[in-house]
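Student: requesting a structural model of the entry that follows:
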Amino acid sequence: MKICIFLGAGASAAENLPIQNEIFSRYFKYNLPKHPDSEMNKKLVNFFKEIFNIDVLDDNIDKVNFPTFEEVLGILDMADQRMEAFKNFGTDTYNNKNTSINLLRQYLILLTANSINNASKESNKYHELLLKNLIKSNRLLDTTFISVNYDIHIDNTISKLYDKKKMPIMLDYGVDFTNFNYKESTWKRPKGDTVKLYKIHGSLNWLYCPICSSLTLTPYEGGVMRILNNQKDATCLNCREYTVPIIVPPTYFKNMSNVYLSLVWNKAEHAFREADLIIFCGYSFPEADMHIKYMLKRVQTTRDNKPLKFIVINNHTNKLSSALEKEEMRYKRFLGEDIIFTKSSFEDFAQDPEKFISLAENN
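Tutor: Numbers count the residues shown, from 1 in each chain. Predicted structure coming up:
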């Protein structure tokens, strides 16, 4: 049985990463005080004060009702698409008193990267347990991972499996990196048995060069943080120019035009077509992810072989039953009533993936 494991934010939350609604509060409580006078932080402080009437310097952060990351990025993306502006926050050429919307957007992405990267330094306990159990049941090489998460929990877990003698299995992102062209690079082109990981919203360890259109990988490290901490360390391996992140924010107005993202999306769709089962882990099927829904519906309605099976695993200890019911309705409304919707968590799945796979096989 060919399996796709689709990883959403809930899978990362199991490793104590912040969910979307916690990103701003965590950043302004723990990270801002370390560098209050940086240009990025001064611009962000001003933005939240003027647009949302939130004073992140003086307000009690624990009691602030922050907008979601999706809402903040959404209004900036809409302003950019409509070629409009907010007072003191406009387009690059609006006037020299403005803070550029594009610059703010980059700052918000770096803010997110910072929050996730700091939390990512904790253990990969459940991702490691999942892979261990997939190996035990001889399922790993028949499994493709598709992730909407920027963190590198699953990346590091897969890549650390590699042992030239005991387990010559390599991680395959589905794209070519500049690292492949350098003998001194520790990251080699995958060959032989591989575990495929398609990160359709980008990754903290991908650095894109807009000058020569190449992609550099920073193995085991959230290299996007180099852009924030010391941009000279975030230069392209090919042409030595400055790189930018490939991180697609969770808004309705996603820009998927990057050539590498397009390639990853194409391979993800191919993996879905080849799959017998898709397991959604920690993914709530949000309204904003129309790109994903479009791809799933294309795959679901054009299969020559037997119907695609779905299992949803997205519960957690503090989740309200009403929230779970709404998610079940969203999934079944779009993918059909035959979907297996569980009340289990990513932690449950990691501890015994075979139980859930067998459930689908016998259903």
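Student: am I right that F28 sits in a helix?
Tutor: Yes. Counting by DSSP: H, G, I helix; E, B strand; the rest coil, F28 falls inside a helix.
Student: contact partners of stretch 302-312?
Tutor: Here stretch 302-312 makes contact (Cβ atoms under 8 Å, 6 or more residues apart in numbering) with 272-273, 275-280, 283, 285, 299-300, 327-328, 331, 335, 338-342, 356, 359-360, 363. Quick note: C-beta positions are derived from backbone N, CA and C, even for glycine.
Student: if we go to 7 Å?
Tutor: Applying Cβ atoms under 7 Å, 6 or more residues apart in numbering, the external contacts of stretch 302-312 come out as 273, 275-280, 299-300, 331, 335, 339-342, 356, 360.
Student: and if you look at stretch 46-63?
Tutor: Outside stretch 46-63, the residues that reach it (Cβ under 7 Å, 6+ apart) are 25, 28-29, 32, 45, 64, 66-67, 86, 88-89, 99, 104.
Student: check stretch 250-269 too.
Tutor: 20, 69-70, 73-74, 77-78, 81, 146, 174-175, 198-200, 202, 208, 213, 215, 246, 248, 288, 291, 295, 299.
Student: CA atoms only: put the lengthiest helix in the chain into CSV for me.
Tutor: If you go by DSSP state H, the chain has its longest helix at helix 101-119. What follows is helix 101-119 as a C-alpha-only set of coordinates in CSV (Å, rounded to 0.1, in the frame of the first residue of the first chain):
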residue,chain,number,x,y,z
ILE,A,101,4.3,46.8,2.6
ASN,A,102,6.7,44.3,1.0
LEU,A,103,9.3,45.0,3.6
LEU,A,104,6.7,44.5,6.4
ARG,A,105,5.7,41.3,4.8
GLN,A,106,9.3,40.1,4.9
TYR,A,107,9.7,41.1,8.5
LEU,A,108,6.5,39.2,9.5
ILE,A,109,7.8,36.1,7.7
LEU,A,110,11.2,36.4,9.5
LEU,A,111,9.2,36.9,12.8
THR,A,112,7.5,33.6,12.1
ALA,A,113,10.7,31.9,11.2
ASN,A,114,12.3,33.2,14.5
SER,A,115,9.4,31.9,16.6
ILE,A,116,9.4,28.5,14.9
ASN,A,117,13.2,28.2,14.8
ASN,A,118,13.6,28.8,18.5
ALA,A,119,11.0,26.2,19.4
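Student: who touches it?
Tutor: So helix 101-119 is contacted by 16-18, 23, 26-27, 31, 40, 43-44, 47, 69, 72-73, 76, 79-80, 89-92, 150-151, 204, 222, 224-225, 227-228, 245, 247, 249 (Cβ under 7 Å, 6+ apart).
Student: just how off-centre is that helix within its chain?
Tutor: 13 Å (Cα atoms, centre = their mean, to the nearest Å).
Student: go on, stretch 210-226?
Tutor: 15 Å.
Student: what residues of it count as buried?
Tutor: Buried residues in stretch 210-226, counted by 16 or more other Cβ atoms under 10 Å: 214-219, 222-226.
Student: stretch 280-297 now?
Tutor: 280-286, 289, 292-293, 295-296.
Student: export those residues as a markdown table, with columns for secondary structure and pLDDT.
Tutor: Listed next are the buried residues of stretch 280-297 as a markdown table, based on DSSP: H, G, I helix; E, B strand; the rest coil; pLDDT from 0 to 100:
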| residue | secondary structure | pLDDT |
| --- | --- | --- |
| F280 | strand | 98 |
| C281 | strand | 97 |
| G282 | coil | 95 |
| Y283 | coil | 95 |
| S284 | coil | 93 |
| F285 | coil | 94 |
| P286 | coil | 89 |
| D289 | coil | 90 |
| I292 | helix | 95 |
| K293 | helix | 95 |
| M295 | helix | 96 |
| L296 | helix | 96 |
